[in-house]
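A.B. asks: Provide a 3D model corresponding to the input given below.
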Amino acid sequence: MTVPEIHPEAPTLRDAVRVSDGRLFAAARSTRFDSRTFTGVEFYDPLTPSSEYVDRIVLGAGLAPMHVAGLMAELIDAGAAALVLRAPEDSSPREWTSTDQHPTLAVLRLGDGDWAQVADVLRSLLGAHSIGQVTGVRMGDLFVLANAIATLADGAASIVDSTGQVVGYSTHSEQPIDDARRRTTLLLQEDLSITSDSRYRSLLRATEARHFPSDTDQFGRVGIAVRASGELLGSLWVIQIDPSQAARTRSLLQEMEPIVAQHLLRAREDAGDRDQRTSGLLRTLLEDRRHARGAASQLLIRPEAGCTIVCFRVDTFDEVEAVRGLHRVLHLAISVSSAAFPGSHSAIVGSQVVTLIPGPHAAAVETFTQAMVRIDNALIAGIGTRAHDINGITRSYREAGAVAGVLVGSSRHDGDRRIHVATFDEMRDRLAILQVGDLIEGLDAVVGDSASILAAHDAAQGTELMRTVRVYLDQLGSVRETANALHVHQNTVRYRLDVVRTELGIDLDAPDTRLWLWLRLSVASNNAV
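C.D. replies: Residues are numbered from 1 along each chain as shown. The predicted structure is shown next:
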């Protein structure tokens, strides 16, 4: 969809119908109200004087049919621009009331759509007297919009949403940028949290664009908060190369603000629909073998060309923070992967963000994953093996999820050996041991065995014999390396091992005992979270 040519002074009802993208329509095809302008959008309230609706589009949300005629009489007297009514379900225009063709008041019908969303879109038109300057930008394409603004402002532009995510930026190679812009572009996130950024907080308090001269960066910035119906949608920033032109840039951003609001609203709506569809198809591909091939076709995935699954988890004990973190990671994964790997897909599946990356380049997948986790130390990622068919995609998903799960457990249990990213090949042996451990836990032999004896002694005496023996076996029987790993004196290690041998009667020199203990204690270590 292209941005319609908007009346230079005020938006018209024709603009309203066109920008609603099919939500609003008239019962009878007529152009007599096309040029009628409006100055506001209000929900009908019986307690509001009708004089308040002059030149306004009035939204009759929840209005009963029996009250329509009376309200129309009031709005005609008040000089309202239009009345919007919900289109009756399962009916054709010919079955609607005669008021839909009233000669002096435009009546529009709302089909499928939310009243609040329609109000936001219509209100975003108000004051958009320069929207014709960016005609041709597809509604909701924030990167193309940023390029158009950068051309008008003669400076690199960035569009940031209300959470601090960079959702659009210009790409004109001839326009210089500084280190701050370069970092935020690479990370698709502002350096500082918007709640901690003094410039951003001051921008939210202002009703106009503001110029922020640079103290440390090479260039200053001009920014403006973007709102629709009082809701903060984000902000628009332009690098100000020449400080003497800041007033011109401020004026431009104030004219562009309602246009950016309109695009942000559309982008948010499109992203919600797209994410919901992608999430459902990706979940089907990964978990429903019967319909997986159909889901792959709809996602335009060619498994034979190769693809890899990456699973991201947020390592926190706080469930609320984990949920918030997953949505932030999802946005970042979509933005970064779509730029680096056309045809990639990301969705929240269970407690993790799953990204499917097409192509045969394993090194590129690892580079993408490492770039993701550098943004947040709490982010953990597992990478599955490359797949070449539908079954392989499912396998890669299981592998990546298993690796991420082990890394989360390992990071919580042993912070000194924290790993953020690993491939299935790197973790294959550990995962195999965990599978063996699942078999071991079901054996009668575990009852009263040497590992159980160590656990009982630690519980009763408050000792650390299990951990000491596990590290001792990991270090191939080296007392010195065990002491270094445990941060204790070598004599302490020798004393503990002597207790194991003499008091508990466990022969650490017997190969079978060593192997069994190592398996049992390794499994217990990984299950300790």
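
A.B. asks: what part of this protein, helix or strand, is modelled with the least confidence?
C.D. replies: helix 179-187 (a mean of 59; mean pLDDT, DSSP states H and E).

A.B. asks: may I see the buried residues of the following helix or strand past that one?
C.D. replies: Following helix 179-187 in sequence order, the next helix or strand is helix 198-205 (DSSP states H and E). By neighbour count, with 16 or more other Cβ atoms under 10 Å as the criterion, the buried positions of helix 198-205 are Tyr200, Leu203. For every residue, glycine as well, the C-beta is placed using N, CA and C.

A.B. asks: centre of the chain versus helix 198-205, how much separation?
C.D. replies: Distance of helix 198-205 from the chain centroid (Cα atoms, centre = their mean, to the nearest Å) equals 24 Å.

A.B. asks: what comes into contact with the helix or strand that comes right after it?
C.D. replies: Downstream of helix 198-205, the first helix or strand assigned by DSSP H and E is strand 210-212. Taking contacts as Cβ atoms under 8 Å, 6 or more residues apart in numbering, the residues outside strand 210-212 that touch it are 199, 202-203, 220-224, 240, 243, 246-247, 249-250.

A.B. asks: hmm, which of the residues you listed is lowest in pLDDT?
C.D. replies: Across the contacts of strand 210-212, the bottom pLDDT score, 75, is held by Arg199.

A.B. asks: now that residue. Nearest residue, chain neighbours left out?
C.D. replies: Closest residue in space to Arg199, ignoring its immediate chain neighbours: Phe212 at 5.2 Å, by Cβ to Cβ, 6 or more residues apart in numbering.

A.B. asks: what about the one you found, distance to Ile149?
C.D. replies: Per Cβ to Cβ, to the nearest Å, Phe212 is found 17 Å from Ile149.

A.B. asks: of these two, give the one with the bigger neighbour count.
C.D. replies: Ranked by neighbour count (other Cβ atoms under 10 Å), Phe212 and Ile149 place Ile149 first, with 27 against 18.

A.B. asks: what helix or strand is that one on?
C.D. replies: With DSSP H and E as the test, Ile149 turns up in helix 142-153.

A.B. asks: same deal with Ile357?
C.D. replies: strand 352-358.

A.B. asks: just checking, what packs against that strand?
C.D. replies: Applying 3 or more Cβ pairs under 8 Å, 6 or more residues apart in numbering; DSSP states H and E, one finds that strand 352-358 contacts helix 246-287, strand 307-314, helix 319-340, strand 345-349, helix 390-413.

A.B. asks: which phi and psi values does Ala87 adopt?
C.D. replies: As for Ala87, its main-chain torsions (degrees, to the nearest 10) stand at phi -70, psi 130.

A.B. asks: excluding its backbone neighbours, what's nearest it?
C.D. replies: Arg109 is the one closest to Ala87 (Cβ to Cβ, 6+ apart), at 4.1 Å.

A.B. asks: tell me the SS of that neighbour?
C.D. replies: The three-state label given to Arg109 by DSSP: H, G, I helix; E, B strand; the rest coil is strand.

A.B. asks: surely it touches Ala82?
C.D. replies: No. Taking Cβ atoms under 8 Å as the definition, Arg109 is not a contact partner of Ala82, at 10.9 Å.

A.B. asks: which one of the two is surrounded by more residues?
C.D. replies: Ala82 (24 against 17).

A.B. asks: give me phi/psi at the more buried one?
C.D. replies: phi -170, psi 160.

A.B. asks: tell me the spacing between it and His67.
C.D. replies: Relative to His67, and taking Cβ to Cβ, Ala82 is found at 17 Å.

A.B. asks: who touches the strand holding Ile357?
C.D. replies: 282, 285-286, 299, 301-302, 305-313, 326, 329-330, 333, 337, 341-348, 365, 368, 393, 397, 400-401, 404.

A.B. asks: show me how far it is from its chain's centre.
C.D. replies: Worked out by Cα atoms, centre = their mean, strand 352-358 lies 13 Å from the chain centre.
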